[in-house]
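**Q** Everything below, folded, please.
(chains A and B)
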Number of protein chains: 2
Amino acid sequence: MKLATYKDGSRDGQLLVVSRDLRTAHYATGMADTLQQALDDWGFISPQLQDLSQTLNHGKARHAFPFEPRQCMAPLPRAYQWADGSAYINHVELVRASRKSQVPANFYTDPLMYQGGSDDFLGPCDDVVCRSEAYGIDFEAEIAVITGDVPMASSPEQALEGIRLLMLANDVSLRRLIPAELEKGFGFFQSKPATAFSPVAVTPDELGEAWDQGRLHLTMQSTWNGRKVGMCEAGPEMTFHFGQLIAHMCKTRNVRAGSIVGSGTVSNKDWAKGYSCISEKRAQETVQDGQPSTEFMKFGDTIRIEMKGRDGASVFGAIDQTIAPLTAA
Amino acid sequence: MKLATYKDGSRDGQLLVVSRDLRTAHYATGMADTLQQALDDWGFISPQLQDLSQTLNHGKARHAFPFEPRQCMAPLPRAYQWADGSAYINHVELVRASRKSQVPANFYTDPLMYQGGSDDFLGPCDDVVCRSEAYGIDFEAEIAVITGDVPMASSPEQALEGIRLLMLANDVSLRRLIPAELEKGFGFFQSKPATAFSPVAVTPDELGEAWDQGRLHLTMQSTWNGRKVGMCEAGPEMTFHFGQLIAHMCKTRNVRAGSIVGSGTVSNKDWAKGYSCISEKRAQETVQDGQPSTEFMKFGDTIRIEMKGRDGASVFGAIDQTIAPLTAA
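**A** Have a look, this model is predicted:
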């Protein structure tokens, strides 16, 4: 099934079931008001949502209405955890190559992850509001999963069982703030502003064979200012699958329902497939020409991130955002 | 007023108002079920809680009952954000001195903070469950605040206005996992297991003059295995006050209601005042003797963290935890 959250003036919005073709939707009223509520009691609530989903897909839901992605908040407008991996090692290799540094050997066995802020996510069509273009505004097209409860010390296989939903993410990064911040040694903070998510979150069974043991074998499409810049394969080059990422998280603690886990920027060795963040393009340019020539994003720029199924239809709906300056309240 | 959350089998527990002397409590039923709910609509709900608090303090609340800290979850059992500063630069200076490295100049002007996991907090008397003593289990006695909404680009003074509640934290750290993790460059993850918080969270007005422009001028008492090891002054040596820490957080994003912000380990230049984490004691030993002699915590160890008001009464109740091994579910 496919789930979304509509803006209703509240902090957590209103839970919707959305049809497979993303054309119609139905409020989940009476089952759960919010997605977090459904995740907190998934075993009991998800079968009810699944029933509604079936009715909706058969065109038989009596109070269905046209689905409008612009009315969406993030499926979880705020969450108790947002942990983002860097599971495509090619991304790390490329960025390191551009500054002539080696990838440490343990990066191939021990996933790289950071703890992100999760109190204020963006809807798929919300503006990316930024104080300054000088921060080096970049998009990052990623896959993300939402988990149920995964106890401390779970194996990657056990962790895979804990995946409830998948979605896309735009993990906006402020590139020029990163070096000084990482230099301090405590990870990202100011360089990672609010993350945006796709209109719908989908259960793994919706993905058929494209979802294979923690990897999603579909193409991540990134379109910057109307120009398709990335058609990256998300499956084969994902060094660590989502079960491994979650097992990394729960080595020393429990992971609780509603935790969101990101894949990191989808990245391919074949440069012809383009890029899922500008930083990679700049790294390629640096390797080739000694310096980057592509600029980061400017106010008014747009970024569209989408993934099509093997039938050509949009799976998650599109993230479709504009970069905007912060204006006085 | 003082607020707490009782265990009731649910993920968010049940909100209580607690009397100033921590002897009696009253459910906030009819006002808010959970603390997050109160924070989400603070302007409307807090005056009602304040009324109940007054009635309770006057011994006139009809359904009051004896307050039992062992029934407490963390005031916020899970939160949308946990951001921990390292606001006592002396702590950083000491740890650096023990490894003969300098504190970078910008550490005195730019707060050091990390984004922590917030999906699974511990109650004040819950066991600290750990897979292995070899991880180097350490306590960290800290002050923490809970915020309301603080918009992007707020000044430290504006951010101070956004502080709703204060509490104590035990930011448990796994010291032997830290070096390899920080080496990877993305900050803490596995080395920071679940954090515990004091039984009650208190509004700034409860603290009288001890709360002065974002600093709490009281003594942090840490008692390890029944031995008082720390009597550290929390006020004068806090390099960055809480308004500055929150302003750091909201430089590039909004901080939303229910965000928890930690001070970092309370630390004094005067070693006679003891220590608020074992790591500091070991750093002192290293500076003095060339190597540490105090071991980290073992299974069965206890740690008690408390703060007394100028009247000698416990302000937040005590964090009182035992280190325990992970047992198979």
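**Q** so which strand or helix has the closest residue to residue A:318 other than its chain neighbours?
**A** Among residues not flanking residue A:318 along the chain, residue A:306 sits closest, at 4.1 Å (C-beta to C-beta, 6 or more residues apart in numbering or on different chains). Just so you know, the C-beta spots here come from the backbone N, C-alpha and C atoms, and that holds for glycine as well. Assigned by DSSP states H and E, residue A:306 belongs to strand A:302-308.
**Q** Now do the buried residues in that strand.
**A** Along strand A:302-308, these residues count as buried under the neighbour rule (16 or more other C-beta atoms under 10 Å in any protein chain shown): A:303-307.
**Q** Chain B: which of those residues is nearest?
**A** Nearest to chain B among the buried residues of strand A:302-308 is residue A:303, at 17.4 Å by C-beta to the nearest C-beta.
**Q** List the beta-bridge partners for that closest one.
**A** Judged by DSSP bridges, the bridge partners of residue A:303 are residue A:224, residue A:321.
**Q** For it, list the residues it contacts.
**A** For residue A:303, the contact set (C-beta atoms under 8 Å, 6 or more residues apart in numbering or on different chains) comprises A:128, A:139, A:170, A:222-224, A:297, A:319-321, A:323.
**Q** Please repeat the previous calculation with a cut-off of 10 Å.
**A** Each residue near residue A:303 by C-beta atoms under 10 Å, 6 or more residues apart in numbering or on different chains is listed here: A:128, A:137-141, A:170, A:172, A:196, A:222-225, A:229, A:278, A:297, A:319-323.
**Q** Excluding chain neighbours, what is closest to the residue of chain A found nearest chain B?
**A** Residue of chain A nearest chain B, by C-beta to the nearest C-beta: residue A:187 (2.0 Å). Leaving aside its sequence neighbours, residue A:187 sits nearest to residue B:187 (C-beta to C-beta, 6+ apart; 2.0 Å).
**Q** thinking again about what came up before, burial of the residue of chain A closest to chain B, as a residue count?
**A** Using other C-beta atoms under 10 Å in any protein chain shown, residue A:187 has 24 other residues around it.
**Q** correct me, but it touches residue B:84?
**A** No - Residue A:187 is beyond contact range of residue B:84, at 11.3 Å (criterion: C-beta atoms under 10 Å).
**Q** C-alpha coordinates for stretch A:6-16, PDB please?
**A** Provided in PDB are the C-alpha atoms of stretch A:6-16 (Å, rounded to 0.1, in the frame of the first residue of the first chain):
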ATOM      1  CA  TYR A   6      -1.900  15.800   4.100                       C
ATOM      2  CA  LYS A   7      -1.400  19.300   5.500                       C
ATOM      3  CA  ASP A   8      -4.200  20.200   7.900                       C
ATOM      4  CA  GLY A   9      -2.600  22.900  10.000                       C
ATOM      5  CA  SER A  10      -1.400  20.400  12.600                       C
ATOM      6  CA  ARG A  11       2.200  19.400  13.300                       C
ATOM      7  CA  ASP A  12       1.600  15.800  12.200                       C
ATOM      8  CA  GLY A  13      -1.000  16.200   9.500                       C
ATOM      9  CA  GLN A  14      -3.600  13.700   8.500                       C
ATOM     10  CA  LEU A  15      -2.900  10.200   7.300                       C
ATOM     11  CA  LEU A  16      -4.100   9.100   3.800                       C
END
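**Q** buried residues in it?
**A** By 16+ other C-beta under 10 Å, the buried positions in stretch A:6-16 come out as A:6, A:11-16.
**Q** so how far is it from its chain's centroid?
**A** How far stretch A:6-16 lies from its chain's middle: 19 Å, per C-alpha atoms, centre = their mean, to the nearest Å.
**Q** Over to stretch A:307-315?
**A** Distance of stretch A:307-315 from its chain centroid, counting by C-alpha atoms, centre = their mean, is 16 Å.
**Q** So which of the contacts of residue A:303 sit within strands?
**A** If you go by DSSP state E, these have A:128, A:137-138, A:141, A:170, A:196, A:222-224, A:229, A:319-323 in strands.
**Q** just the buried members of those?
**A** A:128, A:137-138, A:141, A:170, A:196, A:222-224, A:229, A:319-321, A:323.
**Q** Let me know the closest of those residues to residue A:161.
**A** Nearest to residue A:161 among those: residue A:141, at 26.6 Å, using C-beta to C-beta.
**Q** Find the residue at the geometric middle of chain A.
**A** Compute the mean C-alpha point of chain A, and by C-alpha atoms, centre = their mean the closest residue is residue A:169, 2.2 Å away.
**Q** My read is that that residue contacts residue A:197, right?
**A** Yes - in this structure, residue A:169 is within contact of residue A:197 by C-beta under 10 Å, at 5.4 Å.
**Q** joint contacts of the two?
**A** A:74, A:82, A:121-122, A:142, A:144, A:260, A:262, A:305, A:316, A:319.
**Q** Reformat the residues you listed as TSV; add pLDDT and secondary structure.
**A** Shown next, in TSV, are the shared contacts of residue A:169 and residue A:197 (pLDDT from 0 to 100; DSSP: H, G, I helix; E, B strand; the rest coil):
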residue	pLDDT	secondary structure
A:74	98	coil
A:82	98	strand
A:121	98	coil
A:122	98	strand
A:142	98	strand
A:144	98	strand
A:260	98	strand
A:262	98	strand
A:305	98	strand
A:316	98	coil
A:319	98	strand
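**Q** Which residues of the stretch 1-150 of chain A lie near chain B?
**A** Proximity of the stretch 1-150 of chain A to chain B, by C-beta under 10 Å from any C-beta of the partner chain, involves residues A:10-12, A:36, A:40-41, A:77-86, A:104, A:106-107, A:110-122, A:129-132, A:135, A:147, A:149.
**Q** Among those residues, which are located in strands?
**A** Applying DSSP E to these, the entries found in strands are A:81-85, A:113-116, A:129-130, A:147.
**Q** And the residues you listed, which two are furthest apart?
**A** Once C-beta to C-beta is applied, these give A:130 and A:147 as the farthest pair, at 29.7 Å.
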